[in-house]
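Engineer: what follows is a predicted protein model with its sequence.
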Amino acid sequence: MELSSKEIEKILNLAITLKKEAKQGFFRKLLKDKVLAMIFQKPSTRTRVSFETAMLQLGGHAINLSTSELQLSRGESIEDTARTLSRYVDAIMARVYIHEDLIRLARASSVPVINGLSNNYHPAQILADLQTLLESKGRLRGLKVAWVGDGNNVCNTWLIGAALMGINISVATPKDHSPLKEAIDNAKRISKETQARIEILEDPIIAVKDADCVITDSIVSMGFEQERDKRLKTFIPKYQVNNELMSKAKSNAIFMHCLPAKRGEEVTDDVIDGPKSLVWDEAENRLHSQKALLCYLLLNEDEIIKNFSYP
Ligand code: CP
Ligand code: NVA
């Protein structure tokens, strides 16, 4: 929500340049001596490793902080933590349960705060997804994305990302698992300018019709483990992405999933391991799009222009 369509376009172009040039080592000093603090209240494989690798490969450094080793675990406030970290580091990335905690962190911090996933949103993931879709289809505007499954943090962010980039999005979820009203309202508001079509449905077959890309995510997100049995009954088989459902999308449709996947639940092996699946490119693009995001946040426009030519 804090990035405009133009800014996202710039970040995606930076990401593609960085990916192309990574092997030449051109950008090894871009973030020299910059430090990123990474706070994790929840587990992570991709987010942690891609942010840490991104900082290292650009000449900076990342400090991994699980909440149990911070004074946060002993009652120091989020605000005091933010004020302290802001005196040491150049940016903070945080993965939290309660979205409001992230807002409090950002309000009290004098350095940029990046959402590394909250219960409500996962924007770093959607930058990588947009990059993957752009690389695969050569454009974003006018494409159709179908989201099938839980209307969770990744889905909420996809609604915003699609609306901003002029991508038509059809979301199919069970009735009680639709995306956040706030995300739907914002997506609809933004779409008035970008002409994106925002559709919230229950029927996955209608959602995937004519889709260029089908996306799903786990049925049981982190923090919802106590609902596991009930959710599996609600979602499977109707909201499982299998070959039969994929066959109802465009014949050249791609499949994406932010991972980790629960094979046999939200997606079958033949789809995630099949020829339409771009999940490993999508995971790789976390590295490139986050490098671009970090440059965008930590360098001024002159430094960016000096170091990159936008394609
Ligand atoms: N997609 C994603 O954010 O993965 P991790 O939970 O492994 O960081
Ligand atoms: N919706 C998932 C995303 C994991 C990257 C979760 O919040 O657990």
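Structural biologist: Arrived safely, thanks for sending. Note that the structure is a prediction, hence the values are computed from the model and not measured. Ligands and ions are numbered 1, 2, ... in the order given.
Engineer: residue 210 contacts residue 143, correct?
Structural biologist: No. Using Cβ atoms under 8 Å, residue 210 is not in contact with residue 143, being 10.2 Å away. Every residue, glycine included, has its C-beta placed from N, CA and C.
Engineer: tell me the secondary structure for the most centrally placed residue in the chain?
Structural biologist: Nearest to the geometric centre of the chain sits residue 125, at 1.6 Å (Cα atoms, centre = their mean). Of the three states, residue 125 takes helix according to DSSP: H, G, I helix; E, B strand; the rest coil.
Engineer: for residue 26, see how far away it is.
Structural biologist: The gap separating residue 125 from residue 26 is 26 Å, by Cβ to Cβ, to the nearest Å.
Engineer: quick check, pLDDT for residue 309.
Structural biologist: Looking at residue 309, its pLDDT is 55.
Engineer: equivalent analysis for residue 87, please.
Structural biologist: Per-residue pLDDT puts residue 87 at 98.
Engineer: check which helices and strands the one helix or strand it maps to is in contact with.
Structural biologist: According to DSSP states H and E, residue 87 maps onto helix 78-88. The contact analysis (3 or more Cβ pairs under 8 Å, 6 or more residues apart in numbering; DSSP states H and E) places helix 78-88 against strand 35-40, strand 91-95, helix 99-108.
Engineer: in what helix or strand does residue 156 lie?
Structural biologist: Counting by DSSP H and E, residue 156 is part of helix 153-165.
Engineer: ok, now how distant is the closest residue to residue 153 other than its chain neighbours from residue 78?
Structural biologist: In this structure, residue 153 finds its nearest non-sequential neighbour in residue 122, 4.7 Å apart by Cβ to Cβ, 6 or more residues apart in numbering. From residue 122 over to residue 78 the distance is 20 Å, taken as Cβ to Cβ.
Engineer: got it, and residue 216?
Structural biologist: 32 Å.
Engineer: who has more neighbours out of those two?
Structural biologist: Neighbours of residue 216 and residue 78, each counted by other Cβ atoms under 10 Å, are more numerous for residue 216; the result is 29 against 22.
Engineer: just checking, that one touches residue 265?
Structural biologist: No. In this structure residue 216 lies outside contact range of residue 265 using Cβ under 8 Å: 9.6 Å.
Engineer: so for stretch 136-151, what gets flagged as buried?
Structural biologist: Buried positions in stretch 136-151, judged by neighbour count with 16 or more other Cβ atoms under 10 Å: 136, 140, 143-151.
Engineer: what's the answer for stretch 65-77, then?
Structural biologist: Across stretch 65-77, burial judged by 16+ other Cβ under 10 Å covers 65-67, 70, 72.
Engineer: do it and ligand 1 meet at all?
Structural biologist: No. Using Cβ under 6 Å from any ligand atom, no contact is recorded between stretch 65-77 and ligand 1, whose separation bottoms out at 13.4 Å.
Engineer: re earlier: pull out the buried positions in the helix holding residue 87.
Structural biologist: 78, 81-82, 84-86.
Engineer: from the chain's centroid, how far away is stretch 148-168?
Structural biologist: Here stretch 148-168 is found 10 Å from its chain centre; the criterion is Cα atoms, centre = their mean, to the nearest Å.
Engineer: report the inter-axis angle for the biggest helix by length in the chain versus strand 35-40.
Structural biologist: Criterion DSSP state H: the longest helix present in the chain is helix 279-298. If you take axes from the mean of the first three to the mean of the last three Cα atoms, to 10 degrees, helix 279-298 sits at 130 degrees to strand 35-40.
Engineer: so after helix 279-298, what's the next helix or strand?
Structural biologist: Per DSSP H and E, helix 279-298 leads on to helix 301-307 as the next helix or strand towards the C-terminus.
Engineer: next, count neighbours for residue 161.
Structural biologist: Here the number of neighbours of residue 161 (other Cβ under 10 Å) works out to 26.
Engineer: for the nearest residue to it once chain neighbours are set aside, give its distance to residue 51.
Structural biologist: Setting aside the residues directly before and after it, residue 161 is nearest to residue 126 in space (Cβ to Cβ, 6+ apart), at 4.2 Å. When distance is defined by Cβ to Cβ, residue 126 is 15 Å away from residue 51.
Engineer: neighbour count: those two, which is higher?
Structural biologist: Taking other Cβ under 10 Å, residue 126 and residue 51 do not tie; residue 51 has more neighbours (27 against 24).
Engineer: could you check how far the residue sitting furthest away from the middle of the chain is from residue 66?
Structural biologist: Distance to the chain centre peaks in the chain at residue 74, reaching 30.4 Å (criterion: Cα atoms, centre = their mean). Look at residue 74 and residue 66: by Cβ to Cβ, they are 14 Å apart.
Engineer: try residue 260
Structural biologist: Using Cβ to Cβ, residue 260 is found at 18 Å from residue 66.
Engineer: what about residue 53, how many residues close to it?
Structural biologist: Neighbour tally, residue 53, other Cβ under 10 Å: 15.
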